[in-house]
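[1] generate coordinates for the sequence data below:
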Amino acid sequence: MEIISGKKNKGFYHLNNGFNLIGHAWRLWKEGNLSELIDSFVQESCTLSEVLRCIHISLLCVQQHPEDRPSMSSVVLMLGSETAMVNPKEPGFLFDKKSLEASSSSSKPKSSSINELSLSVLEPR
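    Residues are numbered from 1 along each chain as shown. You can find the predicted model right below:
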């Protein structure tokens with residue numbers, strides 16, 4: 001999705017809705033406006049149907065539940081064929097960290113652990 005859009009997910013923040021790149025792509029998918037996601041250079045140099053297929057596959061890979069995501073061998077098969085694909089379900093990482101922090105009602109950080117031990121939070125790349 002980063003290559004197709006020309007934007008990095010980490011630094012992307014949609015002002016109107018607080019979505020990160022994945023959330024923005026999901027919104028465009030639901031609205032049927034995926035072509036808005038495509039970088040102009042990619043649009044000029046690639047086949048639109050192939051780019052839309054790559055976006056479709058990328059949305060399958062970031063679904064909320066891991067069991068819904070395709071295996072890497074399935075991704076390779078999907079990229080190399082024209083077979084029909086299932087529609088993706090809602091992604092698991094829709095919002096940017098900034099929007100989550102802004103929506104927090106408390107100014108004091110809350111502990112994530114009952115016993116006050118530190119807790120590492122894993123973030124995807």
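[2] burial count for Gln63?
    By other C-beta atoms under 10 Å, 16 other residues sit near Gln63. Backbone N, C-alpha and C define where each C-beta goes, glycine included.
[3] residue contacts, the nearest residue to it once chain neighbours are set aside?
    Nearest residue to Gln63, sequence neighbours excluded (C-beta to C-beta, 6 or more residues apart in numbering): Lys89, at 4.9 Å. Residues counted as contacts of Lys89 (C-beta atoms under 8 Å, 6 or more residues apart in numbering) are 63-65, 68.
[4] take these and lay them out in a markdown table including pLDDT, secondary structure and distance to Phe41.
    Below are the contacts of Lys89 laid out as a markdown table (pLDDT from 0 to 100; DSSP: H, G, I helix; E, B strand; the rest coil; distance: C-beta to C-beta, whole Å):
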| residue | pLDDT | secondary structure | distance to Phe41 |
| --- | --- | --- | --- |
| Gln63 | 91 | strand | 28 |
| Gln64 | 89 | coil | 31 |
| His65 | 91 | coil | 34 |
| Asp68 | 94 | helix | 32 |
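[5] could I get those residues as TSV with distance to Ile55?
    What follows is the contacts of Lys89, written out as TSV (distance: C-beta to C-beta, whole Å):
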residue	distance to Ile55
Gln63	14
Gln64	18
His65	20
Asp68	17
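[6] which of these are buried?
    Gln63 (16 or more other C-beta atoms under 10 Å).
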